[in-house]
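>>> Give the three-dimensional model of this entry:
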Amino acid sequence: MRSIWNGSISFGLVAIPVKTYSATDRTSSVSFVRIHDKDGAPIQYRKICELDGQEVPNEEVGKGYQPPGDDTVVPITDEDLSRLPMPTAKTLSILSFVDPAEIDPLQLDKAYYLGPNGTSAVKPYALLREALEHHRKVAIGKVAMRGRETLAMLRAYDGALLMHTLLWPDQIRSADGIAPEAVKVRENEMTLAETLMDSLGALDPADLHDDYREAVEELVAAKLEGGAPATPDTSATSGARVIDLTAALEKSVRAARGGLPGADEEGAQDASVTPIRGRGPAGKKSAAKKPPARTAAPGKGSAGTTAGSRTAAKKTGAGKTSAGKSGTSRSDTGASPAAKTAADRSTTGKTTTKKQPRTKRTTKSTAS
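Sure, this is the predicted structure:
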């Protein structure tokens, strides 16, 4: 790894020579080049002088400073800058050691690893790193890099010293007019929100990856092979439609705990039902054709009951055994309650003459 800045860390009477290395790599992020749509050729960026319209070579490009609200540009040379008092040009000057919670993450800019520069710097380097870890503090100082001075935070990280360049306080914009005013949050909503935060569990850095970059790489590979790019699957994408905050939080908690999403009332309303074959409209039509047969069945049952009653009446003279058989045959064929009553009464051994009037009344009642 190539160092990008060499200097020293200074606090009190202690000076630690260090080398600076970039701690982040942004080359893996997606980047595009500009091309001419007509022929696909890359477009070059040339430095053109606004005064004469001529292209300016890199060796003739200098620096200039334009005061705010003024159109005048003042030329500034490297010699002019070298004469400026800048004690932090080669030194990270530590001003104070503070608690990490005092630094707003909004101020964090770029990150750099600091390594000892030379064998004499190894012992004081390790001492500063151990002191920061043991005391649970971070160092705040100033350093000049790439021609400008900036704030810096120094902390121990993974056995090394890590320096974050910080934005100046006047570079942080205010949030006035952005945040909502006087919003009342109920206690149960707060409890659900905290429960959701706790149920999501720990974050594994190995699970973090750039989905967009992978999609772009697959798209490029498909185009190189001459095939059609794959259509992204958006079925799992849910609409950001929040009707009730409490219901949404409860649903999120269930999903985070491994519950079945979509089992609530709102999900049931959004679901669609596919009818089973044979139980759709065709099933209703076949059911509509059955009532005539069911209407005819009681009629036949009534006639059968009357005939059965008469047969049972005629066979009563033969004894209780005949009446019992008649009753059994009527019950097996699904006779009406009136027929069963007549058959049961015939088994009691009553005479045929007493049974005939009741059989006729039963027949009339059934027919009506």
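>>> CA only for contacts and neighbour counts going forward, please
OK.
>>> Report the secondary structure state of Gly177.
Assigned with DSSP: H, G, I helix; E, B strand; the rest coil, Gly177 falls in the coil class.
>>> Next up, the contacts around Leu219.
Shown in contact with Leu219 (CA atoms under 8 Å, 6 or more residues apart in numbering): 229-230.
>>> what's downstream of whichever strand or helix holds it, the next helix or strand?
Leu219 is part of helix 211-224, with elements assigned from DSSP states H and E. Later in the chain than helix 211-224, the nearest helix or strand by DSSP H and E is helix 245-256.
>>> unless I'm mixing things up, Val56 is touching Gly62, no?
No: look at Val56 against Gly62 with CA atoms under 8 Å: they stay out of range, at 10.6 Å.
>>> Would you mind checking the average pLDDT for the helix or strand hosting Ala144?
In this assignment (DSSP H and E), Ala144 forms part of strand 138-145. Strand 138-145 shows a mean pLDDT of 92.
>>> Direction included, what does that strand pair against?
Taking DSSP bridges as the criterion, strand 138-145 forms sheet pairs with strand 91-98 (antiparallel), strand 148-157 (antiparallel).
>>> Can you list the buried residues in the longest one?
The one in question is strand 148-157. 150-156 (16 or more other CA atoms under 10 Å).
>>> Kindly report the same for the first one.
If you call a residue buried by 16+ other CA under 10 Å, then strand 91-98 has these buried ones: 91-94, 97.
>>> Tell me where this structure has strands.
5-11, 14-22, 63-65, 74-76, 91-98, 108-116, 138-145, 148-157, 160-166 (DSSP state E).
>>> Quick one: work out the angle between the last one and strand 14-22.
Following axes from the mean of the first three to the mean of the last three CA atoms, to 10 degrees, one obtains 80 degrees for the angle between strand 160-166 and strand 14-22.
>>> which other helices and strands contact strand 160-166?
strand 108-116, strand 148-157 (3 or more CA pairs under 8 Å, 6 or more residues apart in numbering; DSSP states H and E).
>>> Restricting to C-alpha, output that strand in CSV.
Below are the C-alpha coordinates for strand 160-166, written out as CSV (Å, rounded to 0.1, in the frame of the first residue of the first chain):
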residue,chain,number,x,y,z
ALA,A,160,-3.7,0.6,14.3
LEU,A,161,-4.3,4.3,14.5
LEU,A,162,-7.1,5.6,12.3
MET,A,163,-7.4,9.3,11.4
HIS,A,164,-10.8,10.7,10.2
THR,A,165,-10.7,14.1,8.6
LEU,A,166,-13.6,16.2,10.0
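>>> I'd like the average pLDDT over it.
Per-residue scores along strand 160-166 average to 95.
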